[in-house]
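Enquirer: Give the three-dimensional model of this entry:
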Amino acid sequence: MVTVPNTKGVYIINQGNFGFGNADISFYNPDSVLGANNPVNGLFKGVNGYSLGDVAQSMYIKDSLGYIVMNNSQRINVVKIPSFKNVLTISLLHAYPRYFLPINDSIAYVTELYQGEIHVINYRTGALVTQITGVAEWTEQMVMNGNNVVVEEQNFDDTTFGSLAVINATTNTFMQRYKYPGGNINGMVKDAQGHIWLALDEDSTALIPASLCCLNSDMSINKVLVFSLGHHPNNLCIDGTGSQLYFFDTDIYTVATSSNSVPTTAFSSVNGQNFYALGVDPVKGDVYAADALDYVQPSRIYRYSSSGGLIQSFAAGVITGNFTFNE
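Expert: Below you'll find the predicted structure:
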C-alpha cells in the first residue's frame, strides 16, 4: 500500500507503453520538501491493488472525483479524491477515448482516436447516452463556448488546414466545422476574455507557416501570431489567470495573450531533453514539463517558476503525457 496524499497538488498521468498495461498516476505536492514519499509513484496500483490499465491518456477532476481516460483499455476509471480508490469503471467498448469534458451536472463528452464520433456518457451512472457523429475520425481536446462545445480535430489526409467541430451541447448534435490555414491543431485553450487559442502547425508543402491563432466566440479570427517556417508549436497551455500562453517549440516558450507577435526568446531551453508533456499550475503559476527520455525509463519531471527558473526535478512513471492540478 502507498501513503495516500491528502493535500492539494499535481496528478501526473503516466501513459505507460502501448500494450504493456503499465500506465499509472503519480502525485506530487509542491508545498512539501522533496523526499522519499514525494512524488508518490504508482498511486493507482498502490491504493487499489491492481493495475490501472493500458495507456492513461488524460485525467479530469470534478468535485471529489477523478476521471482517468484509459485509451487502449477502452474505459474511464473513476477514483475518489484524495483516497484514489476506484469507485466506478465506465466501459467504452470498441472506443479509444482521449479527453473527458463535463457539460452539465451529469453528462460528459469523450473524444475519440479512431471512431469519428464523440461519446456522450452519464458520468454519474457510467451509462452511454449516445454518440455524436459528423466529427473527424480523430478528436482531441474540448472547450465550452457558451452553450456549445468546440472540439479539436486531427486530419490525416489534408493538412493544409486545422479544423474545429462545434457541437450543440443542448441537443448533442454536430453543428458546423471551421477551418483555419495551416497544419493540424496541436493544442487549444480558452483565455480570460473568452477567446479560443489554437496552436496551428505549419504546412511545409504549401509553405503555410505555423501560428498561434486567437478566435472570437463566433469562431471568427481575432488575430494570428505567425511564426517563420520551420516552427512547430505544440502542447499549448494557459496559466490560471487566462493571460499567459505556454507551449513547446523544441524549447519551452511563453507569450502573453495581449501580444501581437510570437516570442523569440525561450522560457527554458531544451538542453537535450525529450519534452513530451506540459502543464501550468493554475494557482501557483509553476510550469511542469515532462522529459519522456527513451520512452522506457521513468519520465523526468521539471518544475519551473513562472519566471523560468528551475525549482526541482524528479522521476515519475513511464511516458508522462499529461498533468492534472487539484487546487
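Enquirer: Look up phi and psi at L43.
Expert: Per-residue torsions, L43: phi -60, psi -50 (degrees, to the nearest 10).
Enquirer: And the nearest residue to it once chain neighbours are set aside, which helix or strand is it part of?
Expert: Leaving aside its chain neighbours, L43 sits nearest to I25 (4.7 Å; criterion: C-beta to C-beta, 6 or more residues apart in numbering). C-betas here are computed from N, CA, C, even on glycine. Using DSSP states H and E, I25 maps to strand 24-28.
Enquirer: now for that strand, which elements pack on it?
Expert: For strand 24-28, the packing partners by 3 or more C-beta pairs under 8 Å, 6 or more residues apart in numbering; DSSP states H and E come out as strand 9-14, helix 43-48, strand 56-62, strand 310-318.
Enquirer: how about a cut-off of 10 Å?
Expert: Judged by 3 or more C-beta pairs under 10 Å, 6 or more residues apart in numbering; DSSP states H and E, the packing partners of strand 24-28 are strand 9-14, helix 43-48, strand 56-62, strand 65-70, strand 298-304, strand 310-318, strand 320-326.
Enquirer: what's the angle between it and strand 310-318?
Expert: Following axes from the mean of the first three to the mean of the last three C-alpha atoms, to 10 degrees, one obtains 160 degrees for the angle between strand 24-28 and strand 310-318.
Enquirer: just checking, M59 touches L43?
Expert: No. Applying C-beta atoms under 10 Å, one finds M59 not in contact with L43, separated by 11.2 Å.
Enquirer: Mutual contacts of these two, please.
Expert: 11-12, 25, 79 (C-beta atoms under 10 Å, 6 or more residues apart in numbering).
Enquirer: What segments of the stretch 1-150 of the chain are strands?
Expert: For the stretch 1-150 of the chain, applying DSSP state E, counting those that start in this stretch gives strands covering 9-14, 24-28, 56-62, 65-70, 75-80, 86-91, 97-102, 107-112, 117-122, 127-133, 138-145, 148-154.
Enquirer: Next, the angle from the fifth one to strand 9-14.
Expert: Put simply, strand 75-80 runs at 160 degrees to strand 9-14, going by the same axes, to 10 degrees.
Enquirer: Report the backbone C-alpha coordinates of strand 75-80 in PDB.
Expert: Output of strand 75-80 as PDB, limited to C-alpha atoms (Å, rounded to 0.1, in the frame of the first residue of the first chain):
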ATOM      1  CA  ARG A  75     -12.700   2.800 -20.400                       C
ATOM      2  CA  ILE A  76     -12.700   5.600 -17.900                       C
ATOM      3  CA  ASN A  77     -11.600   4.800 -14.300                       C
ATOM      4  CA  VAL A  78     -13.300   7.000 -11.700                       C
ATOM      5  CA  VAL A  79     -11.400   7.500  -8.500                       C
ATOM      6  CA  LYS A  80     -12.300   9.200  -5.200                       C
END
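Enquirer: Packing partners of that strand?
Expert: Against strand 75-80 (3+ C-beta pairs under 10 Å, 6+ apart) you get helix 43-48, strand 56-62, strand 65-70, strand 86-91, strand 97-102.
Enquirer: Just give me the neighbour total for the residue nearest to L43.
Expert: A count of neighbours around I25, defined by other C-beta atoms under 10 Å, yields 28.
Enquirer: just the one 4 residues further on next, same as before
Expert: Using other C-beta under 10 Å as the criterion, N29 is surrounded by 17 other residues.
Enquirer: Can you tell me the closest non-neighbouring residue to it?
Expert: Nearest non-adjacent residue to N29, counting by C-beta to C-beta, 6+ apart: G9, 4.2 Å away.
Enquirer: so who does the one you found touch?
Expert: Contacts of G9 (C-beta under 10 Å, 6+ apart): 27-32, 38-40, 82, 281, 325-327.
Enquirer: can you rerun that using 7 Å?
Expert: By C-beta atoms under 7 Å, 6 or more residues apart in numbering, the contact set of G9 is 27-30, 326.
Enquirer: Quick check: the nearest residue to G182 once chain neighbours are set aside vs P233, distance?
Expert: Excluding its sequence neighbours, the residue lying closest to G182 (C-beta to C-beta, 6+ apart) is L200, at 3.6 Å. Between L200 and P233 the computed distance is 8 Å (C-beta to C-beta, to the nearest Å).
Enquirer: one step back: now the strands of the stretch 1-150 of the chain as JSON lines including mean pLDDT and distance to L245?
Expert: Formatted as JSON lines, the strands of the stretch 1-150 of the chain follow (pLDDT from 0 to 100; distance: least, C-beta to C-beta, whole Å):
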{"stretch": "strand 9-14", "mean pLDDT": "97", "distance to L245": "20"}
{"stretch": "strand 24-28", "mean pLDDT": "97", "distance to L245": "23"}
{"stretch": "strand 56-62", "mean pLDDT": "98", "distance to L245": "20"}
{"stretch": "strand 65-70", "mean pLDDT": "98", "distance to L245": "24"}
{"stretch": "strand 75-80", "mean pLDDT": "98", "distance to L245": "29"}
{"stretch": "strand 86-91", "mean pLDDT": "98", "distance to L245": "32"}
{"stretch": "strand 97-102", "mean pLDDT": "98", "distance to L245": "19"}
{"stretch": "strand 107-112", "mean pLDDT": "98", "distance to L245": "22"}
{"stretch": "strand 117-122", "mean pLDDT": "98", "distance to L245": "26"}
{"stretch": "strand 127-133", "mean pLDDT": "97", "distance to L245": "29"}
{"stretch": "strand 138-145", "mean pLDDT": "98", "distance to L245": "14"}
{"stretch": "strand 148-154", "mean pLDDT": "97", "distance to L245": "16"}
